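Trainee: any chance you can model this:
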Amino acid sequence: QVQVVESGGGLVQAGGSLRLSCLASGRTFTYAMGWFRQAPGKDREFVASITSDGGRTFYADSVVGRFTISRDNAKNTVYLQMNSLKPEDTADYYCAAHVSGNSWSLERNYDYWGQGTQVIVSS
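Mentor: Predicted structure coming up:
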């Protein structure tokens, strides 16, 4: 059974940091992996992605220079290090596998979504 489980969310003050983790089971982890987020009342949006070997990373413009995606294939885990957090980063963060298509940012190119982890950034 394929499972993706996110963790590491919480409440943090603006300017602070959090590190999210995404543990993926089975063949899920042979894929490139991505992080998305969904703020209250908004559509889910792309945050970052990383190729299966970790050699390339891609970021949404809104997080460039603040967030870093990485992966440890030995642990089947993808990380999202979030620094200099802003109140507008408040959202539920989701991890998923990039299963098709050339675009790294399109939600429809991803499958095996986790349940998400909530991040709240206070001002």
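Trainee: got any ranges where the protein has weak pLDDT?
Mentor: 1-2, 27-29 (pLDDT under 70).
Trainee: okay, which residue is most central for it?
Mentor: Nearest to the geometric centre of the chain sits Trp35, at 2.2 Å (CA atoms, centre = their mean).
Trainee: residues contacting that one?
Mentor: Going by CB atoms under 8 Å, 6 or more residues apart in numbering, Trp35 touches 20, 22, 47-49, 69, 78, 80, 93-95. C-betas here are computed from N, CA, C, even on glycine.
Trainee: from Ser123, how far off is it?
Mentor: Distance, Trp35 to Ser123, using CB to CB, to the nearest Å: 23 Å.
Trainee: from the chain's centre, how far out does stretch 113-123 sit?
Mentor: Chain-centre distance of stretch 113-123: 10 Å, with CA atoms, centre = their mean, to the nearest Å.
Trainee: what's the span of it, first residue to last?
Mentor: 30 Å (CA to CA, to the nearest Å).
Trainee: you'd agree Gly101 is in a helix?
Mentor: No: using DSSP: H, G, I helix; E, B strand; the rest coil, the assignment for Gly101 is coil, not a helix.
Trainee: in space, what's closest to it - neighbours in sequence excluded?
Mentor: Asn109 (3.8 Å; CB to CB, 6 or more residues apart in numbering).
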